[in-house]
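Visitor: Pasting the sequence and the predicted coordinates here, then a few questions.
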Amino acid sequence: MFPKNVNIYEVGPRDGLQNEKIILPLKLKVEFINMLSKCSYKNIEIGSFVSSKWVPQMENSGELFELIKKNPSTSYPYLTPNYYGAKTAIEKGIKTICVFTTASESFSKKNTNCTVKESQKRIEEIVVLAKKEGVKVRGYISCVLGCPYEGSINFEKTAQLANFLNEIGCYEVSLGDTVGYGTPLEVKLLIENVFKYIDVDKVAVHFHDTYGQALANIYSALELGVYNIDSSVGGLGGCPYAKGAKGNVATEDVLYMLDGMKINSNIDLKSIVKVSWFIHKALDKMPSSRVAFALGNKI
Ligand code: HMG
Ligand code: MG
């Protein structure tokens with residue numbers, strides 16, 4: 001059964017900009033986020049507290065939080081890989097943080113320099129702190145439909161990690177197809193596995209579009225009732241530690257599909273297309289979204 005309403009979780013300022021060659025000046029990042037803030041999102045993930053040696057593009061993430069014009073109806077989560085990152089975020093007054101792990105030992109090492117078990121230990125420490133401070137925690141699992149270093153990933157292992165994140169108190173678990181290997185029937189099998197442990201309300205999908213499968217994969221998730229969808233304006237995105245990973249599914253492409261399916265997202269397609277052209281001009285590149293081109297940059 002398709003849901004009637006969906007929550008679009010925008011990751012452009014974080015997942016999008018973390019993978020760009022250009023490090024965007026703070027002023028432009030602020031302008032970008034302020035434009036997105038006018039688009040009625042419930043969540044815009046705007047940065048991460050990670051080592052700037054690992055991801056220099058996110059270095060000025062902390063300053064953003066003070067500079068942006070916040071929409072009172074929008075939350076601005078940050079990605080935090082360890083206790084230090086979480087503590088810094090919480091001290092800044094950030095109310096939602098995101099932790100991340102994976103069932104792939106190799107990806108865990110490449111992305112966060114720790115084993116999967118160690119990443120779970122880090123997450124437990126973060127969640128204890130967050131609970132004490134009244135901060136919400138979102139959990140990500142990467143490489144759920146394949147890993148650039150290990151190939152296919154066992155769905156049951158991912159489902160058990162989803163269970164772990166849910167049981168320790170993450171309000172939502174986002175299933176990340178980091179490199180975009182997945183196809184719709186695999187998405188169905190993966191989500192059915194995850195549903196053995198956690199409710200549909202707690203599941204989000206986060207598809208990268210490397211092989212052009214992301215919209216079809218979202219359709220597959222929608223068919224199972226999943227209504228929390230991560231996307232990135234213009235299809236920006238990628239993970240610097242996942243070889244070959246391209247952008248996330250483009251927000252405007254998702255909105256166009258949802259409009260056609262009469263599924264409500266509360267977000268205006270044309271406004272997103274405007275933001276998409278704005279940020280791509282700033283990055284001196286073209287959007288990968290087909291809808292951005294179809295509607296053009298004059299709307
Ligand atoms: P490490 O080198 O093992 O850490 O990295 P360390 O504890 O030895 O510290 C090294 C240096 O980093 C030290 O500085 C620390 O102070 C500093 P130095 O003494 O050398 O000057 N440091 C920090 N600085 C700022 N914030 C912090 C922090 N922690 C340590 N939180 C670490 C371990 C986890 C830090 C590193 O591996 C890292 O930052 N990894 C992040 C990688 C990343 O951001 N990847 C992309 C995001 S995940 C993603 O995109 C997937 C997702 O979209 C879902 C999907 O698509 O699947 C979420
Ligand atoms: Mg991602």
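Guide: Yep, that arrived. Because the structure is predicted, anything quoted here is derived from the model rather than measured. Ligands and ions are numbered 1, 2, ... in the order given.
Visitor: List, one by one, the residues from the stretch 101-250 of the chain near ligand 1.
Guide: Asn111, Thr112, Asn113, Tyr140, Ser142, Gly176, Thr178, His206, His208, Cys239, Tyr241 (C-beta under 6 Å from any ligand atom). (Each C-beta comes from the backbone N, C-alpha and C, glycine too.)
Visitor: roughly how far is the helix or strand in which the first one is found from the heart of the chain?
Guide: Counting by DSSP states H and E, the element that carries Asn111 is helix 105-112. In terms of C-alpha atoms, centre = their mean, to the nearest Å, the centre of helix 105-112 is found 18 Å from the chain centre.
Visitor: Same question for stretch 84-101.
Guide: On C-alpha atoms, centre = their mean, the centre of stretch 84-101 falls 15 Å from that of its chain.
Visitor: repeat for stretch 63-72
Guide: 19 Å.
Visitor: which one of the residues of the stretch 101-250 of the chain next to ligand 1 sits closest to ligand 1?
Guide: Gly176 (2.4 Å; C-beta to the nearest ligand atom).
Visitor: Verify the stated contact: that closest one with Tyr140.
Guide: Yes: counting by C-beta atoms under 8 Å, Gly176 does reach Tyr140; the two are 5.4 Å apart.
Visitor: got any residues that touch both of those two?
Guide: Shared contacts of Gly176 and Tyr140, defined by C-beta atoms under 8 Å, 6 or more residues apart in numbering, comprise Phe100, His206.
Visitor: Can you tell me which one of the residues of the stretch 101-250 of the chain next to ligand 1 sits lowest on pLDDT?
Guide: Lowest pLDDT among those: Cys239, with 85.
Visitor: And the helices in the stretch 101-250 of the chain?
Guide: 105-112, 116-133, 155-168, 184-194, 214-223 (DSSP state H, counting those that start in this stretch).
Visitor: Run a quick neighbour tally on the closest residue to Ile198 other than its chain neighbours.
Guide: For Ile198, ignoring the flanking residues on the chain, the nearest one in space by C-beta to C-beta, 6 or more residues apart in numbering is Asn166 at 4.5 Å. Here the number of neighbours of Asn166 (other C-beta atoms under 10 Å) works out to 19.
Visitor: With Glu133 instead?
Guide: Count around Glu133 with other C-beta under 10 Å applied: 15.
Visitor: Isn't it up against Ile90?
Guide: Yes: at 5.0 Å, Glu133 counts as touching Ile90 under the criterion of C-beta under 8 Å.
Visitor: If you average the pLDDT over the helix or strand harbouring Lys27, what comes out?
Guide: Here Lys27 sits within helix 26-37, counting by DSSP H and E. For helix 26-37, the mean pLDDT works out to 98.
Visitor: ok, now stretch 63-82?
Guide: 98.
Visitor: touching ligand 1 at all, it?
Guide: Yes: against ligand 1, stretch 63-82 shows contacts by C-beta under 6 Å from any ligand atom at Leu79, Pro81, Asn82.
Visitor: The second one should be in a helix, yeah?
Guide: This points to Pro81. No: the assignment for Pro81, made by DSSP: H, G, I helix; E, B strand; the rest coil, is coil rather than a helix.
Visitor: Isn't it up against Cys98?
Guide: No: between Pro81 and Cys98 there is no contact, the gap being 9.6 Å when judged by C-beta under 8 Å.
Visitor: Which of the residues of the stretch 101-250 of the chain next to ligand 1 fall in strands?
Guide: Tyr140, Ser142, Gly176, His206 (DSSP state E).
Visitor: Mind checking which of these are buried?
Guide: Tyr140, Ser142, Gly176, His206 (16 or more other C-beta atoms under 10 Å).
Visitor: Find the pair from the ones in strands among the residues of the stretch 101-250 of the chain next to ligand 1 with maximum spatial separation.
Guide: Greatest spatial distance among these (C-beta to C-beta): Ser142 and His206, at 8.7 Å.
Visitor: what sits in contact with each of these two?
Guide: Going by C-beta under 8 Å, 6+ apart, residues that sit against Ser142 and also against His206 are Gly176.
Visitor: which residues touch Leu79?
Guide: Here Leu79 is in contact with Arg14, Glu45, Gly47, Ser48, Phe49, Val50, Gly85, Ile97, Cys98, Phe100, Tyr140 (C-beta under 8 Å, 6+ apart).
Visitor: go on, Gly169?
Guide: Val127, Ala130, Lys131, Val137.
Visitor: Distance of Glu192 relative to ligand 1?
Guide: Computed as C-beta to the nearest ligand atom, to the nearest Å, the Glu192 to ligand 1 distance reads 20 Å.
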